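A.B. asks: just coords:
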């Protein structure tokens, strides 16, 4: 919350034959006399005040609220955070107040031990009076039910919702370095080049050599971070997503993995994960980090369809230039990323879907669309 102005102290100005300028100290009539106290309240120097403001974070917070959520004066925003991200939550609340909106922050840890399974009743009541909401917390596989319940509530109440799981200051700033309208323009330019039967060829220095064939009967869904009432997106955003007809080859995730264990490992540049895929099925997983390797294999066996490629994700966020190790951001890097399990049938039109998802993101890659260069070294050629 912004600091309140200090209370002004009343004091009488010393007598003088002529008024002095405000920036001047009235002269003393004799040496050694105490300097008269100013009638103004004490103020911090500009340099001292500015040093306490994180301008990069505030800029990103403003783009989230104004550009993505479309918050306007008089609206109410509910922000649900965990303890580790409270500073980001406060920046969103400050940005809301600067717009002229009202903000309410709820901390998960204040309602009980984590992982939490359900939305606290007080939060449910707060959402009723809101027009926009933000969920900002770390990955916790045990809180999947809480997140699904929150998204169902968002749709029921017709809210504009930002789902920001696993996001830190670094990826928030990188993911919102440009206005969402510019990401929308880049995404539309790529979409215009896609055909129902398009073929994407992906290669990377890390070892990716993959062919992705589109399904003519399915759709490409846009996720560009410009939200309408009753809609939600993972933010930061900037991608085109479809459920592919066929995926074959090798995919190396050297950016991030979207599970709780993957979030704990972070950036995969030193221990990339190699997926060998044949006709859309993952035949093997290998990672030099033995703990992550076992986690992924166990996770894929535990849940139905998690060994099947459900999504091909074409990143289009032109403001992201480097991987952070946080999959919610890294899956928007220009290039191809994969999702195993869930297919988002409401967006893609897929006839099957898994109950869970593993998202695997690559740092930089080259992508050819129908034999024509589309991405080179993680940069869109549109």
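C.D. replies: Done, it's in. Everything quoted here is computed from the prediction, not taken from an experiment. Numbering: from 1, shown residues only.

A.B. asks: Three-state assignment for the nearest residue to residue 176 once chain neighbours are set aside, please.
C.D. replies: Leaving aside its sequence neighbours, residue 176 sits nearest to residue 60 (C-beta to C-beta, 6 or more residues apart in numbering; 3.9 Å). No exception for glycine: its C-beta is placed from N, CA and C like everyone else's. Judged by DSSP: H, G, I helix; E, B strand; the rest coil, the three-state class of residue 60 is helix.

A.B. asks: Next one: residue 110 from residue 162, what distance?
C.D. replies: 21 Å (C-beta to C-beta, to the nearest Å).

A.B. asks: Please identify which of those two sits among more neighbours.
C.D. replies: With neighbours defined as other C-beta atoms under 10 Å, residue 110 and residue 162 compare such that residue 162 has more, 26 against 9.

A.B. asks: a helix runs through the more buried one, doesn't it?
C.D. replies: No: counting by three-state DSSP, residue 162 falls outside a helix, being strand.

A.B. asks: how much space between the residue nearest to residue 176 and residue 282?
C.D. replies: The value you get for residue 60 to residue 282, if C-beta to C-beta is used, is 35 Å.

A.B. asks: again, but for residue 149
C.D. replies: Note on residue 149: its distance to residue 282, by C-beta to C-beta, is 29 Å.

A.B. asks: likewise residue 249?
C.D. replies: From residue 249 to residue 282 the distance is 12 Å (C-beta to C-beta).

A.B. asks: if we can go back for a sec, the residue nearest to residue 176: how many residues sit nearby?
C.D. replies: Using other C-beta under 10 Å, residue 60 has 24 other residues around it.

A.B. asks: ditto for residue 100
C.D. replies: By the criterion of other C-beta under 10 Å, residue 100 has 11 neighbours.

A.B. asks: what's it in contact with, if anything?
C.D. replies: 72, 73, 74 (C-beta atoms under 8 Å, 6 or more residues apart in numbering).

A.B. asks: quick one: which of the residues you listed has the most company?
C.D. replies: Going by other C-beta under 10 Å, residue 72 tops the contacts of residue 100 with 13 neighbours.

A.B. asks: Would you mind confirming that that residue makes contact with residue 99?
C.D. replies: Yes: using C-beta atoms under 8 Å, residue 72 is in contact with residue 99, at 7.1 Å.

A.B. asks: Of residue 149 and residue 282, which one has the most company?
C.D. replies: residue 282 (22 against 16).

A.B. asks: and the residue nearest to that one when sequence neighbours are not counted, what does it touch?
C.D. replies: Of all residues beyond its chain neighbours, the one nearest residue 282 is residue 307 (4.6 Å), with distances taken as C-beta to C-beta, 6+ apart. By C-beta under 8 Å, 6+ apart, residue 307 lies in contact with 281, 282, 300, 301, 340.

A.B. asks: In the stretch 1-150 of the chain, where is pLDDT below threshold?
C.D. replies: Low-confidence segments of the stretch 1-150 of the chain (pLDDT under 70): 1-53.

A.B. asks: what residues are up against residue 200?
C.D. replies: Contacts of residue 200 (C-beta under 8 Å, 6+ apart): 211, 212, 213, 214, 312, 314, 336, 367, 368, 369, 374.

A.B. asks: go on, residue 140?
C.D. replies: Contacts of residue 140 (C-beta under 8 Å, 6+ apart): 114, 115, 260.

A.B. asks: how about a cut-off of 10 Å?
C.D. replies: Listed by C-beta atoms under 10 Å, 6 or more residues apart in numbering, the contact set of residue 140 reads 82, 108, 114, 115, 116, 146, 147, 165, 166, 260, 263.
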